[in-house]
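S.K.: The following block contains a protein sequence and its predicted model.
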Amino acid sequence: MPRRIVILPASTKAGRETIRVLLQSESKPFVRAVYRNPAKAPAEFLQNPNFEAVQGDVSSGSGLDFAGFDTLFYIPPRPMSPGVLRLNHISDEILKNSVPQVSIVRPGYITEEWAHFLDAAKADPPVLHSWISPVDHKVPMVDLKDIGECCANTLLSEQTKPSPYYFKLFGPQHYSSADLKDAVEKVVGTKTELKLIERDQLSGFFAQLGIPETHVPDFVGMTTAVLPGGIMAGDFGYDEDTVRGKVELVDGLREMYEKKQQG
Ligand SMILES: NC(=O)c1ccc[n+]([C@@H]2O[C@H](COP(=O)([O-])OP(=O)(O)OC[C@H]3O[C@@H](n4cnc5c(N)ncnc54)[C@H](OP(=O)(O)O)[C@@H]3O)[C@@H](O)[C@H]2O)c1
């Protein structure tokens, strides 16, 4: 019997890429995708008879009906979503009993977040602003393709580890600001200038990006946690509980660049 899988919320980047892989899977799982606004479901998914888009909201609990489904993929919305405490309550109290087996993925930084560097490299002057400092400090990054594949495989396979099972999902290697600059220059074919955002400049940097004032300290905290001496900086080793993705940074950026060029 094909697996019946719920994706919540389906509009996240990880949700979208995982659905794409699931709908291509030979095991033909049925996918229920929960959107605040189901009109956001991509047309390519809606054409597939094994896909349905339903309305649901993680913060109100509406539409969170998992009856008849055997697997749930929950992606917590970003910390700056309104009502983050209620969201945490829902994920802790409502979702924890919804399935008997739980796997929790801890991915590296999604490489798509650097797509704006491809535009910056073509600007005049071509300047890349990076918060990864010092210039050769490496942090885990992972391509969305690797995320989609890993999450789809996890959803389709039987879990053999004790529940809940936590695992890391990183790219083939970690990358630094210097690596980012090299990769962008290779893809775009121009020289760029790299400007590092130092710790005392992070608040101003995030505020300038439009992060709401009340969430700026959270963003600074999350960022410094992965910098040298930060509380997460020692957690980035590859071990038996790490999935190593295949897509190198330069290849992921090249694909994004080609898509941008095609409009
Ligand atoms: N981006 C990264 O580099 C990265 C790395 C590691 C971990 N993470 C974590 O992964 C998670 C997802 O990140 P992401 O970058 O994939 O997010 P994203 O692309 O920004 O997507 C967030 C989505 O959540 C939906 N959403 C927000 N509140 C909702 C609610 N109450 N009910 C239903 N849907 C709701 C929004 O849908 P609509 O507005 O369309 O309704 C939005 O499309 C976050 O917890 C993030 O911290 C991200």
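M.R.: Looks like it arrived, so ask away.
S.K.: Would you map the strands across the stretch 101-250 of the chain?
M.R.: Remark: strands assigned in the stretch 101-250 of the chain by DSSP state E, counting those that start in this stretch are 103-107, 109-110, 127-130, 141-142, 165-170, 193-196, 242-244.
S.K.: Quick one, which of these gets closest to residue 181.
M.R.: Residue 181 lies closest to strand 193-196 among the strands of the stretch 101-250 of the chain, at 4.7 Å (CB to CB). Glycine gets a C-beta too; all of them are placed from N, C-alpha and C.
S.K.: strand partners of the closest one, parallel vs antiparallel please.
M.R.: strand 127-130 (parallel) (DSSP bridges).
S.K.: Report the contact partners of the residue of the stretch 101-250 of the chain found nearest the ligand.
M.R.: Proximity of the stretch 101-250 of the chain to the ligand (CB to the nearest ligand atom) peaks at residue 110, 3.5 Å away. When contacts are counted by CB atoms under 8 Å, 6 or more residues apart in numbering, residue 110 touches 13, 14, 141, 142, 143, 144, 147.
S.K.: Now go through those residues and say which are in helices.
M.R.: Applying DSSP state H to those, the entries found in helices are 13, 14, 144, 147.
S.K.: Select from the residues you listed the one having the most neighbours.
M.R.: Within these, most neighbours by other CB atoms under 10 Å means residue 147, with 28 neighbours.
S.K.: wait, doesn't that residue sit right on residue 14?
M.R.: Yes. With contacts counted by CB atoms under 8 Å, residue 147 reaches residue 14, the gap being 5.2 Å.
S.K.: overlap in contacts of these two?
M.R.: Shared contacts of residue 147 and residue 14 (CB under 8 Å, 6+ apart): 107, 110.
S.K.: circling back to that earlier point, and the strands of the stretch 101-250 of the chain, which is most packed in?
M.R.: When these are scored by mean count of other CB atoms under 10 Å, the highest mean neighbour count falls to strand 141-142 (a mean of 26).
S.K.: Contacts (any at all) between the ligand and that strand?
M.R.: No. Shown here: strand 141-142 not in contact with the ligand (CB under 6 Å from any ligand atom), separated by at least 8.0 Å.
S.K.: Run through the neighbouring helices and strands of that strand.
M.R.: strand 109-110, strand 165-170 (3 or more CB pairs under 8 Å, 6 or more residues apart in numbering; DSSP states H and E).
S.K.: so which of those strands gets nearest residue 218?
M.R.: strand 109-110 (15.7 Å).
S.K.: Quick check: mean pLDDT of that closest one?
M.R.: Mean pLDDT, strand 109-110: 96.
S.K.: Repeat that for stretch 65-81.
M.R.: Per-residue pLDDT over stretch 65-81 has a mean of 82.
S.K.: same check, this time on stretch 138-146
M.R.: 97.
S.K.: got the end-to-end distance for that stretch?
M.R.: End-to-end distance of stretch 138-146: 19 Å, with CA to CA, to the nearest Å as the criterion.
S.K.: ok now that stretch, how far from the chain's centre?
M.R.: 9 Å (CA atoms, centre = their mean, to the nearest Å).
S.K.: CA atoms of stretch 4-16 as PDB?
M.R.: Output in PDB follows, covering the C-alpha atoms of stretch 4-16 (Å, rounded to 0.1, in the frame of the first residue of the first chain):
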ATOM      1  CA  ARG A   4       0.200   8.500   2.800                       C
ATOM      2  CA  ILE A   5       2.300  11.600   3.800                       C
ATOM      3  CA  VAL A   6       1.300  15.000   5.100                       C
ATOM      4  CA  ILE A   7       3.600  18.000   4.500                       C
ATOM      5  CA  LEU A   8       3.200  20.900   7.000                       C
ATOM      6  CA  PRO A   9       3.600  23.700   6.000                       C
ATOM      7  CA  ALA A  10       4.000  22.800   2.300                       C
ATOM      8  CA  SER A  11       5.000  26.300   1.300                       C
ATOM      9  CA  THR A  12       8.400  26.100   3.000                       C
ATOM     10  CA  LYS A  13      11.500  25.600   0.800                       C
ATOM     11  CA  ALA A  14      12.200  22.200   2.300                       C
ATOM     12  CA  GLY A  15       8.500  21.300   2.000                       C
ATOM     13  CA  ARG A  16       8.400  22.200  -1.700                       C
END
